[in-house]
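> Test case, fold it:
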Amino acid sequence: MTKTVEFRAPLPHSDDRRAAPRVESAGALQRWVDDSPRLTAQRRQIAAAFGTAAGPAAVAQLKPPSDPHVFTYEDSDGLVWSRDSDNRWYRPGSSPEEKVYWVEPTVLPAEADSSSGSGDGFRQTWTVGSISFIFSSGHGYRVNHHKPNVAPSKDITQLGSMNEIELAILRHIHGAGGIPAVGENGTRAITVAGEAVEYRFSRFDEGKMGIGTYYRPD
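This next block holds a predicted model:
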C-alpha cells in the first residue's frame, strides 16, 4: 500500500458517517478508541466484502472497497482508513491536521521498454505510468567511472545486473525519493546490495526524465 501525506485544515462534516474515528495519539503511535456500533458494523461489512478465507494478511494487499456505503476500512496493522469529503481514503497522521492518503501502488516493469546506442552511449528507457525514464546505462554501468590514468573507482557491476541497479533507482524515485518536479535536477543516494550508490537525475518535462549516470561514490 502506497501512501502520500498532505496537511489540510480539518473540515466540518455534515454527515456523521464521514467522520474519522476518534484517536488517542502518543507521538507516532495511535490507539483507536472508537468502538461504536456504527464502526463495528462497517468493519463486518468490510470483512464480508473482502472475505476472510485468505486471512488478514491478504486483506491488507487489497485496495479499499469501492462500495459507496462503506466509509471505513481497517488494514492488517489495525489502522482505520476513512473516506474524505472528496471521496479519497485517508488515515490520521501524527497531528490533527495531517492526513495520510491512500494511492494506487506503482507497478514497475520487469525490464526496459527500449534501448539504443552502444558502449558508453548505450541507453535504456523505462516507462512507469506516464513518465519515460531515460537511463544513460552505458555511462553508468561500467567498471571504472574515473578518467584514464586515475585510480579506479568502485566497481558498480559487482552489486548486480544493469537492470537490477536501474530498478533500484526507479523504486527510490517512486518511493522514498519521490518524483522530482519539472525542471528539477540533482544527485541522490540509495543502497544497493548493502552498498552506497548515487544517481544523477534531471526532470525534462511532464513525460520525460533522465538518469545521467549512477555510480558507487569513493
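
> excluding its backbone neighbours, what's nearest Ala172?
No, residue 172 isn't Ala; it's His. Counting by CB to CB, 6 or more residues apart in numbering, His172 lies nearest to Ile190, which is 4.7 Å off, once chain neighbours are set aside. Any C-beta I mention is one placed from the backbone N, CA and C, and that applies to glycine too.

> residues in contact with that neighbour?
By CB atoms under 8 Å, 6 or more residues apart in numbering, Ile190 lies in contact with Ala168, Ile169, His172, Gly177, Ala196, Val197, Glu198, Tyr199.

> The first one reaches Glu198, doesn't it?
What it means is Ala168. No. If you go by CB atoms under 8 Å, Ala168 and Glu198 don't touch, sitting 11.8 Å apart.

> re earlier: mind putting the contacts of Ile190 into JSON lines with neighbour count and distance to Glu111?
Below are the contacts of Ile190 laid out as JSON lines (neighbours: other CB atoms under 10 Å; distance: CB to CB, whole Å):
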{"residue": "Ala168", "neighbour count": "19", "distance to Glu111": "14"}
{"residue": "Ile169", "neighbour count": "23", "distance to Glu111": "14"}
{"residue": "His172", "neighbour count": "18", "distance to Glu111": "18"}
{"residue": "Gly177", "neighbour count": "16", "distance to Glu111": "21"}
{"residue": "Ala196", "neighbour count": "13", "distance to Glu111": "25"}
{"residue": "Val197", "neighbour count": "23", "distance to Glu111": "20"}
{"residue": "Glu198", "neighbour count": "15", "distance to Glu111": "23"}
{"residue": "Tyr199", "neighbour count": "23", "distance to Glu111": "19"}
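
> can I get these in a markdown table with distance to Trp126?
Converted to a markdown table, the contacts of Ile190 look like this (distance: CB to CB, whole Å):
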| residue | distance to Trp126 |
| --- | --- |
| Ala168 | 12 |
| Ile169 | 9 |
| His172 | 13 |
| Gly177 | 15 |
| Ala196 | 22 |
| Val197 | 17 |
| Glu198 | 19 |
| Tyr199 | 13 |
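
> Which of the residues you listed sits closest to Ile156?
Val197 (6.7 Å; CB to CB).

> Not counting sequence-adjacent ones, nearest residue to the closest one?
Ile190 is the one closest to Val197 (CB to CB, 6+ apart), at 5.4 Å.
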